[in-house]
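J.: Starting from these lines, generate the structure:
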Amino acid sequence: MAIFDEKNKKGRLKKSPSQGTSIFVEANKEPKKVEPEKKVKVKQSFAEIAPVIDITGNGFFQLSDHAGYMEIVQVSSTDIYALNNEDKEKTITLEAFFYQWYHPDFKIIPLNFPVDTSRQQRFIQKKLDRTTNSQYRLFLEQKLRELQFIETERSNREFYMFIYADDEYTLRSRVNDVASQKNMVSPIIRLSEEKKMNILYKLSNLNTKYRSTKGE
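T.: Numbers count the residues shown, from 1 in each chain. From the prediction side, this is the model:
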């Protein structure tokens, strides 16, 4: 038997009985060391992964990871199928012009909100508390049930525009530019801080029913 002599002794040469030739026989390899898997650090709270970390004195949202600032406005929708051909062409043309003109980042997000009939329900309830007319009372009770059904089963589709900038000054300027350009076709509605917080909550909890309230 001929020994394959190397410093690291990887194997040996062995003569084949049938052919008289030498073949290389690989020695047993040392088992590879298995490195332990690195544990992924799990965020301990939603605040660590939330895209919004604060709201400024101007009502703008400060984004995480130094990504700048964001504002949310509501976009008034238009039913183009209810317009005549001339108004329809004008509306589409002006919308197309806006998308060609405005280059900074933005998002338009549609959300469904349950219809809020609480004000009408309170009004009818006051009427019910005061009336003594049985026929009128039946009428009011029917109206109250209809409003309760609408609030439970119906929803409004609303459109919101998310505008971004690196600083508050630029963001305010962009919001004003958007407002002036979209005023003729789909005017924007400035929102209260409460409404904007409701929108962020809705985006994080899409299956949650949240009442829609007016912007201001």
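J.: hey, what's the closest residue to residue 108 other than its chain neighbours bridged with?
T.: Of all residues not flanking residue 108 in the chain, residue 161 sits nearest, at 5.3 Å (CB to CB, 6 or more residues apart in numbering). In this view, the C-beta of every residue, glycine as well, is placed from N, C-alpha and C. For residue 161, the beta-bridge partners are residue 73, residue 108 (DSSP bridges).
J.: where does residue 161 land on pLDDT?
T.: Per-residue pLDDT puts residue 161 at 95.
J.: same deal with residue 27?
T.: 54.
J.: Same question for residue 8.
T.: With respect to pLDDT, residue 8 scores 48.
J.: for residue 204, same thing?
T.: At residue 204, pLDDT is 82.
J.: Buried residues, whichever strand or helix holds residue 122. List them.
T.: Using DSSP states H and E, residue 122 sits in helix 118-130. For helix 118-130, the buried set under the neighbour-count rule, 16 or more other CB atoms under 10 Å, comprises 121, 124.
J.: CA atoms only for that helix - export them in CSV, please.
T.: The C-alpha trace of helix 118-130 is given here as CSV (Å, rounded to 0.1, in the frame of the first residue of the first chain):
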residue,chain,number,x,y,z
SER,A,118,-75.5,60.4,15.2
ARG,A,119,-76.5,64.0,14.8
GLN,A,120,-79.7,63.2,13.0
GLN,A,121,-80.5,60.4,15.5
ARG,A,122,-80.1,62.8,18.4
PHE,A,123,-82.4,65.3,16.7
ILE,A,124,-85.1,62.6,16.2
GLN,A,125,-84.7,61.3,19.7
LYS,A,126,-85.4,64.8,21.1
LYS,A,127,-88.5,64.9,19.0
LEU,A,128,-89.6,61.5,20.3
ASP,A,129,-89.0,62.6,23.9
ARG,A,130,-91.3,65.7,23.4
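J.: what's that helix packed up against?
T.: Packed against helix 118-130 by the contact rule (3 or more CB pairs under 8 Å, 6 or more residues apart in numbering; DSSP states H and E) you find helix 134-153.
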